[in-house]
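Q: need a 3D model of the following:
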Amino acid sequence: MHQFSEGTVDAVVIGAGHAGCEAALALARTGQRTVLLTLNLDSIGFLPCNPSVGGTAKGHLVREIDALGGEMGLIADLTALQYRMLNAGKGAAVQSLRAQTDKNAYHREMKRVLEHTENLRIVQAEAADILTENGHVTGVVTHYGGVFSCRAVVVATGVYLNARTITGEVVKESGPNGFARATMLTEALLRLGYSVRRFKTGTPARLDGRTVDFEKLTVQPGEETCTFSFMNDRVPPAEQQEVCYLTYTNQRTHEIILNNLDRAPLYNGLISSTGPRYCPSIETKVVRFRDKERHQLFLEPEGADTTEVYVQGMSTSLPHDLQKEMYRTVEGLEHAEIVRYAYAIEYDCIDTLDVLPTLEFKKVEGLYTAGQVNGTSGYEEAAAQGLVAGLNASLKLRGEPPLILRRDQAYIGVLIDDLVTKGTDEPYRMMTSRAEFRLLLRQDNADVRLTEIGRKCGLVKDDRWERYLKRKQLRGEVLAALNERADNKQAAALLEARGEQLTRGVTYADLLRRGIPMADLKRTFGLFEDVPNDILLSAETEVRYEGYLKTSEREREKAKKMEEKPLPADIDYSHIDGLRLEAREKLDRIRPLNLGQAERISGVNPADIAVLMVYLSLREKQ
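A: Sure, this is the predicted structure:
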């Protein structure tokens, strides 16, 4: 192939999904001349599966991305059709925001933002090779022979690498939604030293909304809750939001599936790659839970300008004839017409044990990976990694220390630490249960935790910084006001309504601790009329959970001490007496940066950590 120069830039980002978009913006907005390569400009910021952003733990990620100066939360708010707060009846630590977004509008708005970003050039081309010299990245070659010389590369190829879609007996060499796949980069990754494996995911059918009998379905209305972005104040009233609908599978649905497993690619051997355990196909759910009479299905609008309806909960790779028969067994879908049939998709991804906590490849300086190529699932996980990879590439180019978020600082820290320390044998999904400090990592305080970090990295600009300072001041004023004494007569009336007595003077904070909602304080005492609800929620949570938060802070300090004990890069684990063989192999494979990370490696036990501590002590004395 004849090669020619496409010029010299600071960085190249390969792929324009959610990881690639955040990476490119992080680089360009911090002053790096950046090229964003995409197979198709029409797939920029595309939502190939669920037309939604956020969800359990994922909503936390979006707010953290926003707090650091990323884009996803802003565009999700701009294109939202409906908002809901998941787990609203549970504790604040696990409440998560989710929004139905307009799929086409999200793509258009992300493309517009990228096109108007200084220092950023978008090019439609497939990356064919990554050039290196003496262990450093030097450029990217396109399949047309164009060479972009650069000092940093972020690989964010999503599910496109050697992708193939499977529907029944039909296998197509294709990316999601009929987009072309990428065929040339996997060989380059293997040659550079990455370990490559195959994962799969899938998507349900889209129905023509005109053929759905919505009268038979349960309405799921929107809610007037908080926004994703700290730059926005409020969401539209619930009555102005789009509605979703709830229905269920039934025994007839299940019988069709169970009677045709010989035609199901997941069970006849046609699909052998690893799929997501936490987002299984309907076939998997029916087989795994044979005693369950029904499974929930949510019907969600794909956009404001289309009749397409997404059937959440019914992902499948069954043949088209069975899909049609299966969907029509569901109440409300008896006459539904399918406009896009469901499919499964297999793709190449890497083993993230080859990656540093900065998301930089251990074997090549300046080469980063982010998103589903790292073995994760979900738009939000991808965007979070893209932002971190892009920021770290920029920081490296600027000669500044990298950004490594700890597990006690952010869900993003949990996500990346899990990937690079434990690895994943299936598409990784973020969940609140993965975060041991989740009471400290609530979505309401993401700006308090991360905006100052984003500012230090150069991504948080003046408008966001000024807004953050105002919010921080207002939050402090609310907390101070809550410690003031409440009027005894009004306080007594509130408590008596709950069957309690007032025995002494109380502060507003005391009333919160005794179960009086913030809304009742506002109404009864005329407090905080102009304070945004999410700031009030944050302050209320701080007061109610004060004791638990103090306990979490103590645990955080213990964990930080382990993180602050670095492990020298030149350690030869094979020659440390007392380490078990498995521990030696795992430590040598992962090369942890500190004792805290070493402690979390599967196969390394407390006795091995004790040996390492002794070794470090002796090494320091020597």
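Q: so what's the nearest residue to Asp425 once chain neighbours are set aside up against?
A: Ranked by C-beta to C-beta, 6 or more residues apart in numbering and with sequence neighbours excluded, the top spatial neighbour of Asp425 is Thr274, at 6.5 Å. C-beta: built from backbone N, CA, C; applies to glycine. Counting by C-beta atoms under 8 Å, 6 or more residues apart in numbering, Thr274 touches Arg197, Arg198, Phe199, Lys200, Asp425, Glu426, Pro427.
Q: equivalent analysis for Ser574, please.
A: Ser574 makes contacts with Arg584, Asp588, as judged by C-beta under 8 Å, 6+ apart.
Q: again with Leu353
A: Taking C-beta under 8 Å, 6+ apart, we find Leu353 in contact with Ser195, Val420, Gly423, Arg589, Ile590.
Q: helix, strand or coil for it?
A: helix (DSSP: H, G, I helix; E, B strand; the rest coil).
Q: report pLDDT for it.
A: Leu353 carries a pLDDT value of 96.
Q: what about it, distance to Ala384?
A: Distance from Leu353 to Ala384, counting by C-beta to C-beta, to the nearest Å: 19 Å.
Q: Val235 now?
A: As judged by C-beta to C-beta, Val235 and Ala384 stand 22 Å apart.
Q: so between those two, which is more surrounded?
A: Neighbour tally, Val235 and Ala384, criterion other C-beta atoms under 10 Å: the higher count belongs to Ala384, 34 against 21.
Q: and the next element down the chain from the helix or strand that one falls within?
A: Using DSSP states H and E, Ala384 maps to helix 379-397. Using DSSP H and E, the helix or strand that follows helix 379-397 in sequence is helix 411-417.
Q: what are the contacting residues of that following helix?
A: 57, 60-61, 64-65, 357, 359, 376, 381, 384-385, 387-388, 404-407, 428, 430, 434-435, 441, 597, 600.
Q: likewise stretch 291-310?
A: With contacts defined as C-beta under 8 Å, 6+ apart, stretch 291-310 is touched by 50-52, 81, 100, 102-105, 204, 206-210, 212, 214, 217, 220, 242, 244-251, 282, 285-286, 289, 311-314, 330, 332, 339-340.
Q: how about that stretch: buried residues?
A: Using 16 or more other C-beta atoms under 10 Å as the test for burial, stretch 291-310 gives His295, Leu297, Phe298, Leu299, Glu300, Pro301, Glu302, Gly303, Thr306, Glu308, Val309, Tyr310.
Q: buried stuff in the lengthiest helix in the chain?
A: The longest helix of the chain (DSSP state H) is helix 462-482. For helix 462-482, a neighbour-count test (16+ other C-beta under 10 Å) marks Arg464, Tyr468, Arg471, Leu474, Arg475, Val478, Leu479, Leu482 as buried.
Q: in this structure the second one contacts Asp447, no?
A: Looking back up the chat, that one is Tyr468. Yes: Tyr468 is within contact range of Asp447, at 5.6 Å (criterion: C-beta atoms under 8 Å).
Q: common neighbours of the two, please.
A: Going by C-beta under 8 Å, 6+ apart, residues that sit against Tyr468 and also against Asp447 are Phe230.
Q: tell me what the helix or strand harbouring Glu187 is packed against?
A: Secondary structure from DSSP H and E places Glu187 in helix 185-192. Other helices and strands packing on helix 185-192, by 3 or more C-beta pairs under 8 Å, 6 or more residues apart in numbering; DSSP states H and E, are strand 127-133, strand 196-203, strand 343-350.
Q: go again with 10 Å.
A: If you count contacts as 3 or more C-beta pairs under 10 Å, 6 or more residues apart in numbering; DSSP states H and E, helix 185-192 packs onto strand 127-133, strand 136-142, strand 152-155, strand 196-203, strand 343-350, strand 367-369.
Q: quick one, which of those strands gets closest to Asp10.
A: strand 152-155 (6.6 Å; C-beta to C-beta).
Q: circling back: can you pull the phi/psi pair for the residue nearest to Asp425?
A: The phi/psi pair for Thr274 (degrees, to the nearest 10) reads phi -90, psi 130.
Q: for it, name its beta-bridge partners.
A: For Thr274, the beta-bridge partners are Phe199 (DSSP bridges).
Q: how close does it sit to Asp351?
A: Thr274 sits 12 Å away from Asp351, going by C-beta to C-beta.
Q: try Leu270
A: Leu270 sits 24 Å away from Asp351, taking C-beta to C-beta as the criterion.
Q: Pro402 now?
A: Taking C-beta to C-beta as the measure, Pro402 falls 21 Å from Asp351.
Q: then Arg407?
A: Look at Arg407 and Asp351: by C-beta to C-beta, they are 21 Å apart.
Q: which one's more surrounded, the two?
A: Arg407 (25 against 17).
Q: hmm, Leu441 and that one touching each other?
A: Yes: under the criterion of C-beta atoms under 10 Å, Arg407 makes contact with Leu441 at 8.8 Å.
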